[in-house]
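Q: Below is the sequence, then the predicted model.
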Protein chains: 2
Amino acid sequence: MSVTVRDVARAAGFSTATVSRALRGFPSVDPLIRAHVIAVARGLDYVGSPAAAALSTGRMNSIAIITPYVARWSFERMLSGVDRVLRTTDMDLLLYRLGDPSDPHPAPAHRRLRHRVDGFLVMSIAAGSPDLEEILRLNMPVTLVGSTREDVASVSIDDRAAARVATGHLLDQGHTKVGLIYGRERTNPLALEHQRYLGFVDALRAADVAEHQEREAPGMFTVDGGAAAMRELLALPEPPTAVFAMSDEMAFGAMRAMRIAGVRPGHDIALIGFDGHELADVLDLSTIAQPLEELGALAVQNILDDIAQPGRQRLKTVLPTELVVRGSTSIRHQD
Amino acid sequence: MSVTVRDVARAAGFSTATVSRALRGFPSVDPLIRAHVIAVARGLDYVGSPAAAALSTGRMNSIAIITPYVARWSFERMLSGVDRVLRTTDMDLLLYRLGDPSDPHPAPAHRRLRHRVDGFLVMSIAAGSPDLEEILRLNMPVTLVGSTREDVASVSIDDRAAARVATGHLLDQGHTKVGLIYGRERTNPLALEHQRYLGFVDALRAADVAEHQEREAPGMFTVDGGAAAMRELLALPEPPTAVFAMSDEMAFGAMRAMRIAGVRPGHDIALIGFDGHELADVLDLSTIAQPLEELGALAVQNILDDIAQPGRQRLKTVLPTELVVRGSTSIRHQD
DNA sequence: TTGTACGCGTTATCAG
DNA sequence: CTGATAACGCGTACAA
């Protein structure tokens, strides 16, 4: 087939053991011999078999990203952070789309992953999700990104506080009819968006503003969904004068619906999103910026550490968010 | 360590060979025995070792995506298409960020990939790129997405024709001072964007409009870069009255710069992008829509086929693009 | 410091 | 249709 350690050993005039050690830079090998072996290996265009190494050591030298939402902007950002850290190592990155609660074609088997990777980065999957439970049952290093769970390492933001800030910002402008564009199921404690919903309610309560369920519409965390939600809100007998969308992408959709309906964001209706999307700036959308790239980077670093030294203290990091005020919430409400 | 075929074999009262065959659904095994073996395996919570299987068969059961631009919207879409197809198989997906010509920290070794995957999906890497050459040298199944190269399978669009259409659309509106926001190096034949540049020039020539190099600014294919480019164009003594941006993301940046400068897209300056970005709609940006998800899906399907039957005819698919006219180019130019 | 020899878990071959 | 056994390529005790 192709050239193996044995070939290199023969050509170099040493044993496979020495070759193996030399190639991996062990200190216990004579510098001269190492140089020679490396030269010979290069000459033979030798490249090791990760499968064989994995079989022998039990380490796969790779980690998996588990996430249901490959198509969200936030994923793309977190992935950038992950990649930035990972490319300084020799670890490989596997990508598995798993954990979408509304998936008609549910995951076949997580068992398969067992011997496939050394650790898991679970992104945007709520604690309590069956898929997450399956992963945890594997009893391998896991770090959550964007969610939290007892006894599992995680890197996240304080969603509840952030949503409180976003909603509070609207209330500060004098709005009392505050609408919400959520994802799919805001009241399910297992849903990732639940915390943001609680923050929304917190803020209303703190300001003594009543919550009106009919002013809350689902936007599925997509642009189109956000548009549909806003259409729904606009059709209300008493539409909200301010709206908090749980993601910038939904807010963008809402803006489209508003434009079509002839309603100006920041003028007729205040609108704030969530994420700190690159284009929020272009669309002059107020938002809650979260450090997505950092989330990814810290999480992968933690996984690497966990793999290196098992039984390590579980890391729980919470990163800060920032309210970014732009035109879409610039105008105060006056009754 | 964990339960192996041998354990299953012992528990089931059959040989490892039979167990292996039964578990993989070989027709040559007694249905009753198969059922029994499967039951036992499940009972033992058996899960196979891909590393061992790979070592034995030489097939890794996984493919790699190679791309420099993890953070672009177009990547996210193509990835969605890839995943849609891949999840109907038992193949795993490895992700490698490689091939960025402006990478200060160049790739360590592609050799490493040799025994890691069964095939490569090379996205958005120009033919002639050193990284692509390295991959091709491996002599394994490769499918290009978004670029073309002699003797390599590819799924792409006709960039040149599409750019011609975009530019032609501007010219049709009566514009003669047409600007361009390109990526990094439009004139390098090895750059991916070169074809779009050629299409731009084609259209100008066909309309007998002179090309003015100073009306062409680099936007690095990012939002911020697009903004900078537009600022540059606006500062010209004779700014263009219409601009073609080689990506929607750059066009978005351009729109931001225009808004800050008090110039209205589609009114003061016509603007058209490229990609069919989800948010082009929201921003009322005309664009060239390309079927990104389909590109990804077809490419991965082709790789799977190539792996299944080596030495197959090289596929060369070109998918159609579509001009989408919106507000940003709706107003005709009048001198 | 270097070499020998075995094991990792699975699949493929070949004989029965 | 089933079983015994030899690879697959590398890492690593253990011995020298």
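A: It's in. Numbers count the residues shown, from 1 in each chain, chains lettered A, B, ... in the order given.
Q: Show me the shaky parts of chain A.
A: Scanning chain A for pLDDT under 70 picks out A:1, A:101-109, A:332-335.
Q: And the helices in it?
A: A:5-12, A:16-23, A:31-43, A:50-57, A:73-86, A:130-137, A:159-172, A:194-206, A:223-234, A:248-261, A:292-308 (DSSP state H).
Q: For the longest one, name the packing helices and strands.
A: So the one you mean is helix A:292-308. strand A:62-67, helix A:73-86, strand A:119-123, strand A:142-145, strand A:153-157, strand A:316-319 (3 or more CB pairs under 8 Å, 6 or more residues apart in numbering or on different chains; DSSP states H and E). For every residue, glycine as well, the C-beta is placed using N, CA and C.
Q: tell me the angle of the longest one relative to helix B:73-86?
A: What that stands for is helix A:73-86. Orientation check (axes from the mean of the first three to the mean of the last three CA atoms, to 10 degrees): helix A:73-86 against helix B:73-86 gives 90 degrees.
Q: re earlier: need the helices of chain A in TSV with mean neighbour count and distance to residue B:111, can you?
A: As requested, the helices of chain A are exported to TSV (neighbours: other CB atoms under 10 Å in any protein chain shown; distance: least, CB to CB, whole Å):
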stretch	mean neighbour count	distance to residue B:111
helix A:5-12	18	14
helix A:16-23	19	12
helix A:31-43	15	10
helix A:50-57	18	11
helix A:73-86	22	18
helix A:130-137	18	32
helix A:159-172	21	44
helix A:194-206	20	46
helix A:223-234	23	42
helix A:248-261	25	40
helix A:292-308	22	23
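Q: distance of whichever residue of the stretch 101-250 of chain A sits closest to DNA strand C from chain B?
A: In the stretch 101-250 of chain A, the residue that lies nearest DNA strand C is residue A:115 (7.6 Å; CB to the nearest atom of the strand). Using CB to the nearest CB, to the nearest Å, residue A:115 is found at 5 Å from chain B.
Q: For that residue, which non-adjacent residue is spatially closest?
A: Excluding its sequence neighbours, the residue lying closest to residue A:115 (CB to CB, 6 or more residues apart in numbering or on different chains) is residue B:49, at 4.5 Å.
Q: Correct me if wrong: that neighbour contacts residue A:55.
A: Yes - if you go by CB atoms under 8 Å, residue B:49 and residue A:55 touch, sitting 7.0 Å apart.
Q: Near DNA strand C, which residues of the stretch 1-150 of chain A are found?
A: A:13-18, A:21, A:28-30, A:33, A:52, A:55-56 (CB under 7 Å from any atom of the strand).
Q: got JSON lines for these, with distance to chain B too?
A: Below are those laid out as JSON lines (distance: CB to the nearest CB, whole Å):
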{"residue": "A:13", "distance to chain B": "23"}
{"residue": "A:14", "distance to chain B": "21"}
{"residue": "A:15", "distance to chain B": "21"}
{"residue": "A:16", "distance to chain B": "16"}
{"residue": "A:17", "distance to chain B": "19"}
{"residue": "A:18", "distance to chain B": "21"}
{"residue": "A:21", "distance to chain B": "19"}
{"residue": "A:28", "distance to chain B": "24"}
{"residue": "A:29", "distance to chain B": "21"}
{"residue": "A:30", "distance to chain B": "25"}
{"residue": "A:33", "distance to chain B": "22"}
{"residue": "A:52", "distance to chain B": "5"}
{"residue": "A:55", "distance to chain B": "5"}
{"residue": "A:56", "distance to chain B": "9"}
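Q: for those, which one is nearest residue A:173?
A: Proximity of those to residue A:173 (CB to CB) peaks at residue A:55, which lies at 62.5 Å.
Q: Excluding chain neighbours, what is closest to that closest one?
A: residue B:51 (4.5 Å).
Q: Pull the contacting residues for that neighbour.
A: Neighbouring residues of residue B:51 by CB atoms under 8 Å, 6 or more residues apart in numbering or on different chains: A:50, A:51, A:52, A:54, A:55, A:60, A:115.
Q: Need the max-distance pair from those.
A: A:52 and A:115 (14.1 Å).
Q: how many neighbours does the nearest residue to residue A:140 once chain neighbours are set aside have?
A: Residue nearest to residue A:140 in three dimensions, not counting chain neighbours: residue A:119, with 6.2 Å by CB to CB, 6+ apart. If you count neighbours by other CB atoms under 10 Å in any protein chain shown, residue A:119 ends up with 20.
Q: I'd say residue A:119 and residue A:61 touch.
A: No - counting by CB under 8 Å, residue A:119 sits too far from residue A:61 to count as a contact (10.7 Å).
Q: quick revisit: what sits against the residue of the stretch 101-250 of chain A closest to DNA strand C?
A: Residue A:115 touches A:60, B:2, B:47, B:48, B:49, B:50, B:51, counting by CB under 8 Å, 6+ apart.
Q: Same list (the helices and strands packed on helix A:292-308) but as CSV, adding distance to residue B:9.
A: As requested, those are exported to CSV (distance: least, CB to CB, whole Å):
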stretch, distance to residue B:9
strand A:62-67, 29
helix A:73-86, 38
strand A:119-123, 30
strand A:142-145, 32
strand A:153-157, 38
strand A:316-319, 44
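Q: Among those, which comes closest to residue A:277?
A: Nearest to residue A:277, of the helices and strands packed on helix A:292-308 and by CB to CB, is helix A:73-86 at 5.6 Å.
Q: Give the other helices and strands that the closest one contacts.
A: Checking 3+ CB pairs under 8 Å, 6+ apart, helix A:73-86 ends up next to strand A:62-67, strand A:92-97, strand A:119-123, helix A:292-308, helix B:73-86.
Q: okay if I get those as a markdown table plus distance to residue B:264?
A: Listed next are the helices and strands packed on helix A:73-86 as a markdown table, based on distance: least, CB to CB, whole Å:
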| stretch | distance to residue B:264 |
| --- | --- |
| strand A:62-67 | 39 |
| strand A:92-97 | 41 |
| strand A:119-123 | 39 |
| helix A:292-308 | 32 |
| helix B:73-86 | 24 |
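Q: Ok, which of those comes nearest residue A:202?
A: That would be helix A:292-308 among the helices and strands packed on helix A:73-86, by CB to CB, at 22.9 Å.
Q: From what I see, residue A:173 and residue A:269 are in contact.
A: No - at 11.4 Å, residue A:173 does not count as touching residue A:269 under the criterion of CB under 8 Å.
Q: higher neighbour count, these two?
A: More crowded of residue A:173 and residue A:269, by other CB under 10 Å: residue A:269, with 27 against 19.
Q: State the distance from that one to DNA strand D.
A: 61 Å (CB to the nearest atom of the strand, to the nearest Å).
Q: which of the residues in stretch A:143-157 are buried?
A: Residues of stretch A:143-157 classed as buried by neighbour count (16 or more other CB atoms under 10 Å in any protein chain shown): A:143-149, A:152-157.
Q: and of those residues, the nearest to residue B:123?
A: residue A:145 (24.1 Å).
Q: Return the residues in contact with the closest one.
A: By CB under 8 Å, 6+ apart, the neighbours of residue A:145 are A:78, A:121, A:122, A:123, A:124, A:154, A:155, A:156, A:295, A:296, A:299.
Q: And for residue A:287?
A: Contacts of residue A:287 (CB under 8 Å, 6+ apart): A:248, A:251, A:272, A:273, A:274, A:275, A:276, A:277, A:280, A:324, A:326.
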